[in-house]
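**Q** One predicted model, sequence on top.
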Amino acid sequence: MSALESFACEPGALDLVWRDGSRSRLIAPWLRDHCQGAECRDPRSGQRLVDVAELPEDTRIVRAERLPDGELAVHFAPDGHRSVFGEDWLHANAFREEAGREDVDPNAAAARRPRLWDAATFAREGLVWTPWSEYLEDPSAKRRALAAVRDHGFALLSGVPPREGAVLEVARSFGFVRETNYGALFDVRAVIDPSNLAFTNLGLGPHTDNPYRDPVPTLQLLHCLENTAAGGESVLVDGFRVAERLREQAPDDFALLASQPVDFAYRDGRSAELRARFPLIELGAEGEPRAIRYNNRSIAPLRMPAERMERFYRAYRRLSRALDTPEGRLVFKMGPGDLVLFDNVRVLHARTRIESGGRRHLQGAYADRDGLLSTLRLLEAPGAAPGGQP
Ligand code: OGA
Ligand code: ZN
């Protein structure tokens, strides 16, 4: 059944009324710019062949008509162009005036509405560990694991063969490894003369990795090969939940942390001299937390006027305490074959002190969310038509 109830046009816009009662008002330049014809779009890739600068400034609609198969043909002046729009295409892509925001891509919408959690969430719902063999054999198991990264900011896998390099196979199962100065993968175990405190037996407070990079790696994987040590438990904290609570409880502190850039740095004196400058809480265009960067090991000397520094330290200390509360900490111990995959700009990770006597060896790698979300969309809507192009 047709989704389009009726349409009407005037020189400036085409008005559509959908069967569900919602409305779209598509202005003439938008329609002309979105022409799907072979002159305007490469038929193979669907990519646009024309630039918006080439559109006449007085682009207007002369008339529109319904074709027998339900498509809409629109005639434009002054260039005399005729564009044909499929009803399904219009239904999928036209903004609804009632919506008040631009949510048409369900993945983008879900990514903007993270499901905030604390330790009690998983005490109620249970922690889901996806066996690696199931992830490989059953696309719906893989889809659920990747959706958990999108929605909760992390996923747990079990039974990943505890051998060197397996972490890279996991990263390549949904996306691409982000190689860094630490290599394609890095070993997390106590070494003599460590280049990073992660490579010691010290406990590590909640942190995000590598805030000294721009762009920062948006995903991290940690795979356990061996863990016979006492201690060395893994901790995850939902940084977006902490940020939202801070916004409610201490709006001035939140505003300062979200606007004051700080420097992060890492140097090993040999191969890396990394720096980046960002606020601890980065907000997106709609004011939503977009990224948390928090790492007390790599924050560089803070520089700002003393009066602001006073306020900054109050806010910084409040954030630090809020990030490390028993309610917020999800604690579990990884054994051989366990792997945690998490959003490194949302979920902070930590570990408790490793006691001497046993051995603990993890391998870590970085990857990025774009590849994971792309794989997830393909699993959720196999064969879907391409949407916008780069
Ligand atoms: C790291 C790290 C946590 C752990 O290597 O970045 O935080 O459990 N490791 O050892
Ligand atoms: Zn870390």
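**A** Perfect, I can see it now. Ligands and ions are numbered 1, 2, ... in the order given.

**Q** And the residue of the stretch 151-300 of the chain found nearest ligand 1, its phi and psi?
**A** Closest to ligand 1 within the stretch 151-300 of the chain is residue 198: 3.5 Å, counting by C-beta to the nearest ligand atom. The way it works is simple: take the backbone N, C-alpha and C, and place the C-beta from them, glycine included. Dihedral pair for residue 198: phi -60, psi -30, per degrees, to the nearest 10.

**Q** Need the pLDDT of it.
**A** On pLDDT, residue 198 comes in at 87.

**Q** Test my guess that it contacts residue 204.
**A** Yes. Residue 198 is within contact range of residue 204, at 6.4 Å (criterion: C-beta atoms under 8 Å).

**Q** and residue 276, what element?
**A** Secondary structure from DSSP states H and E places residue 276 in strand 273-279.

**Q** Can you list the strands that that strand pairs with?
**A** Paired strands of strand 273-279, with direction, are strand 261-267 (antiparallel) (DSSP bridges).

**Q** mind saving the C-alpha coords of the strand it pairs with as PDB?
**A** Extracted in PDB, the C-alpha atoms of strand 261-267 (Å, rounded to 0.1, in the frame of the first residue of the first chain):
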ATOM      1  CA  PRO A 261      40.400  22.100  27.100                       C
ATOM      2  CA  VAL A 262      43.300  20.300  28.800                       C
ATOM      3  CA  ASP A 263      46.500  18.900  27.300                       C
ATOM      4  CA  PHE A 264      47.300  15.200  27.200                       C
ATOM      5  CA  ALA A 265      50.800  13.900  26.400                       C
ATOM      6  CA  TYR A 266      52.700  10.700  26.100                       C
ATOM      7  CA  ARG A 267      56.400  10.400  25.300                       C
END
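
**Q** anything in it sitting right up against ligand 1?
**A** No. Using C-beta under 6 Å from any ligand atom, strand 261-267 never reaches ligand 1; the gap is at least 12.0 Å.

**Q** in the stretch 201-350 of the chain, which spans are helices?
**A** Here the stretch 201-350 of the chain has its helices, by DSSP state H, counting those that start in this stretch, at 239-249, 251-259, 306-323.

**Q** Turn those into TSV, columns for mean neighbour count, distance to ligand 1 and mean pLDDT.
**A** Listed next are these as TSV, based on neighbours: other C-beta atoms under 10 Å; distance: least, C-beta to the nearest ligand atom, whole Å; pLDDT from 0 to 100:
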stretch	mean neighbour count	distance to ligand 1	mean pLDDT
helix 239-249	20	14	98
helix 251-259	17	22	98
helix 306-323	15	14	98
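
**Q** how about these in a markdown table, adding distance to residue 97?
**A** Below are the helices of the stretch 201-350 of the chain laid out as a markdown table (distance: least, C-beta to C-beta, whole Å):
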| stretch | distance to residue 97 |
| --- | --- |
| helix 239-249 | 29 |
| helix 251-259 | 31 |
| helix 306-323 | 39 |
